[in-house]
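J.: requesting a structural model of the entry that follows:
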Amino acid sequence: MATNPAKKHFQTISVLVDNDSWILPYAQQLVDQLSAHYQCQLLRHAKDIPQGDVCFLLGCVHLLTKDILARNQYNLVIHESALPQGKGFAPMAWQILDKQNTIPVCLIEADESADSGKIWLQDTIRLTGNELHDEWRAKQGEISVKMALDFIENFSTLSAKPQQGQVSYYPKRTPKDSELDIHRSIAEQFDLLRVVSNQDYPAFFIKDGVKYKLEISRDEP
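T.: Numbering: from 1, shown residues only. Below you'll find the predicted structure:
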């Protein structure tokens, strides 16, 4: 992190991950980098959020109440869509399924409603079109850390802008969404194979009433 202590605008920063999310290692990386210059800690429960300056909410599945939001001057969320389009769940997976290789990312203020706060920063994840689950998750985690650090480093030059435009929502994905159609080709369903998780929600198909699970990985030479 290139943070110049002379430019510090904050003292106390929290990072909350309120579930056993894949993003935990990246949240810990963010805390480790911020801890060189700030009081910073990784939290697992919203009730433990202290009074402070900034709270980053990474991969969280629960909204914060008004009284908890009031504990910090800035509560910030990262969402992978061109807000206000694509609010809701799993925006990156839905866009990969829609064959998008350029994924917009927004750093927004958290409020009592989901994905509705002002936008502080925008960036982009660029995919080649062949990344599997862990690979595009890595890009998602890396840009989350980058945008959080950018906010802290460049706060004095930033201004939040309200979301504008047509609103749309992505629904929550469930294990049922990992089902392959045995009558369609692998090529036709490759993007679905890219968004499934071998551990948490693996691909599967059903033939003659029997359910079969598939795992996918890259066979590097």
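J.: now the longest helix seen in the chain: buried residues?
T.: Longest helix in the chain, counting residues (DSSP state H): helix 133-154. By 16 or more other Cβ atoms under 10 Å, the buried positions in helix 133-154 come out as 133, 136-137, 139-141, 143-153. (Glycine included, C-beta is placed from N, CA and C.)
J.: quick check: next helix or strand after that helix?
T.: Following helix 133-154 in sequence order, the next helix or strand is strand 169-170 (DSSP states H and E).
J.: mind listing residues that contact that following strand?
T.: Outside strand 169-170, the residues within contact range by Cβ atoms under 8 Å, 6 or more residues apart in numbering are S81, G86, K87, G88, F89, A90, P91, W94.
J.: closest one of these to F204?
T.: A90 (18.0 Å; Cβ to Cβ).
J.: nearest spatial neighbour of that closest one, skipping sequence neighbours?
T.: Once flanking residues are discounted, A90 sits nearest to R173: 4.7 Å by Cβ to Cβ, 6 or more residues apart in numbering.
J.: with L24 instead?
T.: The nearest residue in space to L24 (Cβ to Cβ, 6+ apart) is V17, at 5.5 Å.
J.: that neighbour: neighbour count?
T.: Residues near V17, counting by other Cβ atoms under 10 Å, number 22.
J.: ok, it - contacts?
T.: Counting by Cβ under 8 Å, 6+ apart, V17 has contacts I23, L24, A27, L42, L43, R44, L58, G59, C60.
J.: R194: which of those residues is nearest?
T.: Nearest to R194 out of those is I23 (Cβ to Cβ; 18.4 Å).
J.: mind checking how far that closest one is from R137?
T.: 8 Å (Cβ to Cβ, to the nearest Å).
J.: ok, now how distant is L132 from G209?
T.: 29 Å.
J.: sorry, that was for W94
T.: 30 Å.
J.: who has more neighbours, these two?
T.: Remark: of W94 and G209, W94 carries more neighbours, 19 against 5, as counted by other Cβ under 10 Å.
J.: need the three-state assignment for V54.
T.: Look at V54: counting by DSSP: H, G, I helix; E, B strand; the rest coil, its state is strand.
J.: neighbours of it, how many?
T.: The burial count for V54: 23, using other Cβ under 10 Å.
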